[in-house]
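Trainee: Structure of the sequence below:
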Amino acid sequence: MRRIVVAVLVAMALVAPPVMAADSIEAVLARPVSPGTLALLLQYVTDPRAATRWGDALRSTDPNVRATAARLLYVSRVAAALRLLRQALSVETDRGAAIEIARAVSAFGDAADDDTVLGAAGRLSAPGIAVTFAEERRSSGLGATERMINLKLTRDNIQRIVSALVGRDASALNAAAAAILTSQDSGWWDALLATAVQQRIDLSQAQLEAALRSSSSEIRDWTWWYVAVAAARDSSGSFQVSPPERPGTGGDIASGVALGRELAARALKVPAINLSSLPGMAPNSPWPSSPSFAFAELHFSLSRLLSKEERQILNVSDEPSESLPARATAAADTTQESIRTVGALPSGFVADVLKQSGCSRPKPDIAGALVRFEGNKLAALQWTAIGLSAECTLAARAIIVAALLPSSAMTPGRNEFVVLPMQDAFLQCLAHPDLDSGMAAPLAVGKPQSEGGATILPPKKTRNLSPVYPPGAMQAHVQGIVILEAEISPTGCVRHLKVLRGLPMGLDVAALRAVSEWAFTPTLLNGQPVPVMMTVTVQFTLQ
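Mentor: Prediction:
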């Protein structure tokens with residue numbers, strides 16, 4: 001992957017950025033407070049003369065200004081603003097602004113700020129605050145787990161929080177397990193088990209036994225599914241737990257319970273019983289009640305425990321795979337770079353940055369930066385200067401910097417190439433990130449939806465743009481497929497792209513440019529438009 005990014009940088013003529021004739025701090029401070037004028041202050045963020053402006057912005061009557069101020073203070077790591085941010089969060093009434101302010105308070109504060117941050121999440125019914133708190137604090141936020149359990153959160157938000165708190169740390173996993181078992185909350189326990197399965201980290205014997213003794217039948221039942229996966233993956237024979245009692249054949253036992261226990265027994269080398277004798281296991285039966293990771297693992301680590309007939313009953317692939325590939329099952333290769341577009345930004349930010357910087361029709365139409373995070377801190381940033389005007393270079397830098405939030409999916413020390421397509425369609429889509437939506441995770445097209453009765457109307461493409469073949473790649477006869485992960489907004493525009501599999505000589509960036517201008521019909525969940533994740537492919541073929 002390194003050669004791909006190097007080729008991209010060469011193709012985009014990476015050079016030292018020119019000195020820009022930026023406005024003086026006096027000229028910037030003379031303008032009215034707006035998201036765009038705050039962005040112009042980024043070059044003077046530590047200047048004492050700017051301090052009053054940040055305070056004014058956090059007290060603004062415009063929630064977009066308050067959100068922008070908090071975001072820019074956060075990405076600039078201005079910890080000295082913590083007092084102002086605490087005060088702002090304690091009186092904030094807008095959910096979108098509160099999420100941004102809470103992120104900064106979580107980053108700069110300590111455990112003494114937990115009540116302020118999570119109190120705002122409860123007061124404003126804003127689960128996104130709890131998500132940003134967990135993603136920022138990571139394992140240091142484990143002490144607030146029980147407080148977060150008491151909030152009203154969706155399953156997706158709970159999963160994001162648990163994944164952030166635990167990371168890939170076995171001690172953090174077991175600390176979270178202890179807190180969740182104290183509350184006996186089965187939804188949080190499901191998220192914890194899913195994280196353990198995905199990251200291949202093990203529950204301690206003490207937490208495992210405590211879960212199997214839980215007063216919650218769902219916690220006990222879901223734990224047997226975890227036992228099945230852990231024991232099936234264990235090649236050393238070191239996984240030790242007493243086999244479960246086998247359920248009877250009475251119709252009062254849910255099939256998911258019976259199936260999980262039977263698979264656990266088989267993984268622990270107990271002779272199998274016929275699945276067709278279990279309640280609800282007849283051919284074409286509805287999918288049984290089970291934890292969130294069960295469906296995927298039945299196709300991978302648990303598949304080998306099933307006979308061909310049983311796989312047909314459960315509609316499981318007839319070719320067992322070794323295991324579900326976790327997002328990171330081992331130490332990542334930090335020499336590889338990923339390529340993605342910028343992420344969500346505060347409402348009104350992009351349009352006002354372009355206006356205040358005087359960037360009207362950017363040409364060329366793409367900008368980028370090579371960045372690296374260490375933990376949650378930006379450790380390195382290298383700009384690409386690609387012939388944009390001074391005004392549009394200033395705007396592009398402000399937009400990219402404001403979007404540089406650390407990703408919980410990133411491996412520390414790994415480089416990312418962050419791209420900003422400056423076409424109108426993409427910039428307009430960034431202007432509406434739905435920050436006040438509670439940060440619900442996008443649906444995944446093709447992913448089984450376990451919510452009972454959910455009706456999903458998938459997106460359909462309404463605008464297509466073919467990529468421009470880079471001349472260098474054409475001359476070198478490079479061709480193939482670029483695979484992208486795309487987030488489609490509730491309105492159907494493309495607001496985030498990530499290269500899953502690229503091609504050299506600038507073909508992956510050409511694919512990003514093209515797909516950023518695609519459009520779709522809104523995805524409807526029970527009649528309501530929602531964001532959605534989907535995989536798209538772009539074919540490069542020489543005629």
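Trainee: What is the burial count for Glu92?
Mentor: 26 (other Cβ atoms under 10 Å). C-beta here means a position set from N, CA and C on the backbone, and glycine is covered the same way.
Trainee: Next, the contact list for it, please.
Mentor: Shown in contact with Glu92 (Cβ atoms under 8 Å, 6 or more residues apart in numbering): 66, 98, 101, 120, 124.
Trainee: quick one: which of the residues you listed is nearest to Val257?
Mentor: Nearest to Val257 among those is Leu124, at 37.9 Å by Cβ to Cβ.
Trainee: Can you list the low-confidence ranges for the stretch 301-450 of the chain?
Mentor: Applying pLDDT under 70 to the stretch 301-450 of the chain flags residues 317-336, 361-364, 375-376, 385-386, 406-413, 431-450.
Trainee: just checking, which of the contacts of Glu92 belong to strands?
Mentor: Assigned to strands by DSSP state E, none of the contacts of Glu92 qualify.
Trainee: Select from those residues the one having the most neighbours.
Mentor: Counting by other Cβ under 10 Å, top hit in the contacts of Glu92: Ile101 with 32 neighbours.
Trainee: Isn't that one up against Leu85?
Mentor: Yes. Contact status for Ile101 versus Leu85: in contact at 5.6 Å, counting by Cβ atoms under 8 Å.
Trainee: Common neighbours of the two, please.
Mentor: With Cβ under 8 Å, 6+ apart, Ile101 and Leu85 have common neighbours 58, 70.
Trainee: quick one, phi/psi of Leu124?
Mentor: phi -100, psi 0 (degrees, to the nearest 10).
Trainee: for it, what are its contacts?
Mentor: So Leu124 contacts 92-93, 95, 98 (Cβ under 8 Å, 6+ apart).
Trainee: 6 Å - rerun?
Mentor: 95, 98 (Cβ atoms under 6 Å, 6 or more residues apart in numbering).
Trainee: Distance check, it against Val78.
Mentor: 24 Å (Cβ to Cβ, to the nearest Å).
Trainee: for Ser34, same thing?
Mentor: If you go by Cβ to Cβ, the gap between Ser34 and Val78 works out to 19 Å.
Trainee: same thing with Pro458?
Mentor: 43 Å.
Trainee: Also Leu306?
Mentor: For Leu306 relative to Val78 (Cβ to Cβ), the value is 56 Å.
Trainee: cool, and Ile339?
Mentor: The value you get for Ile339 to Val78, if Cβ to Cβ is used, is 29 Å.
Trainee: Would you map the strands across the stretch 251-400 of the chain?
Mentor: Under the criterion DSSP state E, counting those that start in this stretch, strands of the stretch 251-400 of the chain are mapped to 338-341, 366-374, 377-383.
Trainee: so the longest one versus strand 377-383, what angle?
Mentor: An angle of 150 degrees separates the directions of strand 366-374 and strand 377-383 when computed by axes from the mean of the first three to the mean of the last three Cα atoms, to 10 degrees.
Trainee: So which bits of strand 366-374 are buried?
Mentor: 366-373 (16 or more other Cβ atoms under 10 Å).
Trainee: tell me what it is packed against?
Mentor: strand 377-383, strand 415-421 (3 or more Cβ pairs under 6 Å, 6 or more residues apart in numbering; DSSP states H and E).
Trainee: nearest to Val316, of those?
Mentor: Across the helices and strands packed on strand 366-374, closest to Val316 is strand 415-421 (Cβ to Cβ), at 36.1 Å.
Trainee: right, and the helix or strand after the closest one?
Mentor: On the C-terminal side of strand 415-421, the nearest following helix or strand under DSSP states H and E is helix 424-430.
Trainee: For that next one, C-alpha coordinates in CSV please.
Mentor: Extracted in CSV, the C-alpha atoms of helix 424-430 (Å, rounded to 0.1, in the frame of the first residue of the first chain):
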residue,chain,number,x,y,z
ASP,A,424,-19.6,21.3,-5.1
ALA,A,425,-21.5,18.0,-4.5
PHE,A,426,-19.1,16.7,-1.9
LEU,A,427,-18.6,20.1,-0.2
GLN,A,428,-22.4,20.6,0.1
CYS,A,429,-22.7,17.1,1.5
LEU,A,430,-20.1,17.8,4.2
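Trainee: Now that helix: buried residues?
Mentor: In helix 424-430, counting by 16+ other Cβ under 10 Å, buried: 425-427, 429-430.
Trainee: From what I see, Leu420 and Ala369 are in contact.
Mentor: No. Counting by Cβ atoms under 6 Å, Leu420 sits too far from Ala369 to count as a contact (8.5 Å).
Trainee: Quick check: of the buried residues of helix 424-430, which lies closest to Arg261?
Mentor: Closest to Arg261, out of all of the buried residues of helix 424-430 and judged by Cβ to Cβ, is Cys429, at 47.3 Å.
Trainee: Would you enumerate the residues in contact with that closest one?
Mentor: 489, 493, 495.
Trainee: try it again with 8 Å
Mentor: 489, 491, 493-495.
Trainee: partners of the residue nearest to it when sequence neighbours are not counted in the sheet?
Mentor: Distances taken as Cβ to Cβ, 6 or more residues apart in numbering put Cys493 closest to Cys429, at 3.7 Å, once the chain neighbours are dropped. Beta-bridge partners for Cys493, by DSSP bridges, are Ala519.
Trainee: what number of residues lie near Cys493?
Mentor: Neighbour tally, Cys493, other Cβ under 10 Å: 22.
Trainee: And Pro458, by the same measure?
Mentor: 14.
Trainee: How about Thr541?
Mentor: 8.
Trainee: so who does the closest residue to it other than its chain neighbours touch?
Mentor: Of all residues beyond its chain neighbours, the one nearest Thr541 is Gln479 (5.4 Å), with distances taken as Cβ to Cβ, 6+ apart. Contact analysis of Gln479 by Cβ under 8 Å, 6+ apart lists 473, 503, 540-542.
Trainee: What does the pLDDT read for Gln479?
Mentor: You'll see Gln479 listed with a pLDDT of 92.
Trainee: go on, Arg137?
Mentor: 89.
Trainee: Same check on the one 10 residues further on?
Mentor: The per-residue pLDDT reported for Arg147 equals 92.
Trainee: in which helix or strand would I find it?
Mentor: With DSSP H and E as the test, Arg147 turns up in helix 145-149.
Trainee: Return the list of helices and strands in contact with that helix.
Mentor: helix 114-123, helix 127-137, helix 170-183 (3 or more Cβ pairs under 8 Å, 6 or more residues apart in numbering; DSSP states H and E).
Trainee: can you dump the C-alpha coordinates of the shortest one into CSV?
Mentor: In this case it means helix 114-123. The C-alpha trace of helix 114-123 is given here as CSV (Å, rounded to 0.1, in the frame of the first residue of the first chain):
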residue,chain,number,x,y,z
ASP,A,114,-17.0,13.0,33.9
ASP,A,115,-20.1,14.3,35.7
THR,A,116,-20.2,17.4,33.5
VAL,A,117,-19.8,15.5,30.3
LEU,A,118,-22.2,12.6,31.0
GLY,A,119,-24.6,14.9,32.8
ALA,A,120,-24.9,16.8,29.5
ALA,A,121,-25.6,13.6,27.7
GLY,A,122,-28.5,12.8,30.0
ARG,A,123,-29.8,16.3,30.1
